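# Let me see the structure of the following:
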Amino acid sequence: MQLDFHYYATYCAAALAGYSHEECMDICYSAQFVDICTKTFLQRIGGPLGAATTQLQLEMMDARTDAVGLHDITRIWASFHFLPYDLNAEVKGTKKYRSKYRLICGPNGKLVGETVELAKDKSLQAVGIAMHIMADTWAHRYFAGTPSLVINNTNRHFYELKTENGVETEVKVIFKHLPGALDDLDNGVFINSIYQSGENSIMNLGHGRAGHFPDYSFARYKYLPAWADYKEFIKDNPTEYYSAFCQMVYAMRYLRGEEEEFKLDTYATDLVEPHRERIQSIMTVRRLDACDDWREFGESLTGQSIDEFSVEKYEDEYRNAAVEDKEGTFLGKFISAAMAQKSMVTNRIYKSGSKLAGKSVEADK
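Next up, the predicted model:
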């Protein structure tokens, strides 16, 4: 998912869950900040590098893919962007293959529940992080947060499913490796990672082989994922993103005490229903981002203006705070929540018998 959903749509979901405008801003900022908090950023503000929740392209180009390097990559991407669906999934193959297969992301897995529970009675930053992760389980379904050709690769059988004048058509998606270029929606050309035959190449991380296509809310497509022996799968993002939105509203109602317990595969559909047509209309327009429409929707819900996202917003507060006061700053609270989440997921992966993320270390250490 992108800024439009992680920031503006998360604001809307938080508002429908009952949070105030100020709380919604903290939550949606934290949700989007998961895509910003790199080691480079943390180094710039003097923060702990272990709190990184994503990696810059330049960082990934220089990333090691030996065992230690893969541990670091997997801890970041599996914890925050490709939360594993079933760490005990039964699958034929070698132990190494099983370990990678079990990292395939999907919604409503056990770790989703643990992620939400981890944010309970914690900071609004923890709530935002949990919402980013929950949303991504829908967008990144069928891909894994570790470099793997045999899991994440796709081939040229990749078609966008369009409906025009009531007629569904299939349009072949053209992928090109042009770093820094934008996707060309008019001509159906999308930027992806370059094919690398090495199993652990960084180019085979997550949905890199499918580019940004899985992140678009309008996208309906069919393709052949490597992990399924190139069996055809259909992905319907408008439907799944709506489910993600409704689940986020339900989860945040639980986190603020409006629901007694959090249950998987449960959604605040009744609460969202009055806005369903508007939300679905935002999600189905074919464009690079839907920020403006999500912003207008959010402002109509609260009657307040939503600030544009700014990376620098809380930098000085953290950088200028005394060492003993940093934990109480906005970014300090984000860092604490991020380290707790990474520790929890790494621990679960390690206890499942996989060494892909290395050993777990308690967040407070």
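# make it CA atoms for all contacts and neighbour counts henceforth
Fine.
# All the strands of this protein, residue numbers only.
Using DSSP state E, the strands of the chain run over 158-164, 167-172, 174-176, 189-191, 220-223, 233-236.
# Low-confidence stretches in the stretch 251-365 of the chain?
361-365 (pLDDT under 70).
# right, and the strands of the chain - which one's nearest Glu90?
Between Glu90 and the strands of the chain, the shortest separation by CA to CA is 19.8 Å, and it involves strand 233-236.
# What residues of that closest one count as buried?
For strand 233-236, a neighbour-count test (16 or more other CA atoms under 10 Å) marks Lys235, Asp236 as buried.
# how about the residue nearest the centre of the chain, what does it touch?
For the chain, the residue nearest the mean C-alpha position is Asp136 (3.2 Å; CA atoms, centre = their mean). Under the criterion of CA atoms under 8 Å, 6 or more residues apart in numbering, the contact list for Asp136 reads Met1, His81, Phe82, Leu83.
# and these as CSV, adding distance to Lys231, neighbour count and pLDDT?
Shown next, in CSV, are the contacts of Asp136 (distance: CA to CA, whole Å; neighbours: other CA atoms under 10 Å; pLDDT from 0 to 100):
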residue, distance to Lys231, neighbour count, pLDDT
Met1, 24, 23, 76
His81, 24, 26, 97
Phe82, 21, 30, 97
Leu83, 23, 30, 98
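# out of those, which one sits closest to Arg295?
Met1 (16.0 Å).
# count of neighbours near the closest residue to the closest one other than its chain neighbours?
Once flanking residues are discounted, Met1 sits nearest to Asp215: 4.2 Å by CA to CA, 6 or more residues apart in numbering. Asp215 is flanked by 21 other residues according to other CA atoms under 10 Å.
# where along the stretch 1-150 of the chain do the helices fall?
3, 10-17, 21-33, 39-45, 57-61, 67-80, 95-101, 110-119, 124-139, 149-152 (DSSP state H, counting those that start in this stretch).
# quick one: contacts of stretch 76-96?
Under CA under 8 Å, 6+ apart, the answer for stretch 76-96 is 34, 52-54, 98, 101-112, 129, 132-133, 136-137, 140-141, 143-146, 206, 341-342, 345-346, 348-349, 352.
# roughly how far out does that stretch sit from the chain middle?
15 Å (CA atoms, centre = their mean, to the nearest Å).
# What's the end-to-end length of it?
Using CA to CA, to the nearest Å, one end of stretch 76-96 lies 20 Å from the other.
# Equivalent analysis for stretch 206-224, please.
15 Å.
# How many residues are close by Met344?
20.
# same deal with Arg75?
28.
# Look up the closest residue to it, ignoring the ones flanking it.
Ala357 (5.3 Å).
# Contact partners for that neighbour?
Leu70, His71, Asp72, Ile73, Thr74, Arg75, Thr346, Ile349, Tyr350.
# Please verify my assumption that the first one contacts Leu205.
Looking back up the chat, that one is Leu70. No: Leu70 is not in contact with Leu205 according to CA atoms under 8 Å; the separation is 10.5 Å.
# So if I had to pick from the two, which one is more boxed in?
In terms of neighbours (other CA under 10 Å), Leu205 is the more surrounded of Leu70 and Leu205; the figures are 25 against 22.
# roughly how far apart are that one and His81?
11 Å.
# can you list residues touching both of those two?
What both Leu205 and His81 touch, as defined by CA under 8 Å, 6+ apart, is the set Gly145.
# Residue ranges in the stretch 101-250 of the chain under the pLDDT threshold?
In the stretch 101-250 of the chain (pLDDT under 70), no residue qualifies.
# Looking at the contacts of Asp136, point me to the pair that's furthest apart.
Met1 and Leu83 (13.8 Å).
# Excluding chain neighbours, what is closest to Ser352?
Leu87 (6.2 Å).
# And for Glu312, the neighbour number?
As a burial measure, Glu312 scores 8 neighbours (other CA under 10 Å).
# go on, Ile45?
So Ile45, with other CA under 10 Å, has 16 neighbours.
# For Asp215, see how far away the nearest residue to it once chain neighbours are set aside is.
Using CA to CA, 6+ apart and skipping residues adjacent in sequence, the residue nearest Ile45 is Arg319, 5.4 Å away. Distance of Arg319 to Asp215, computed by CA to CA: 33 Å.
# go on, Arg286?
Going from Arg286 to Asp215 by CA to CA gives 12 Å.
# Also Leu288?
Separation of Leu288 from Asp215 (CA to CA): 10 Å.
# what's the answer for Val167, then?
Counting by CA to CA, the gap from Val167 to Asp215 is 24 Å.
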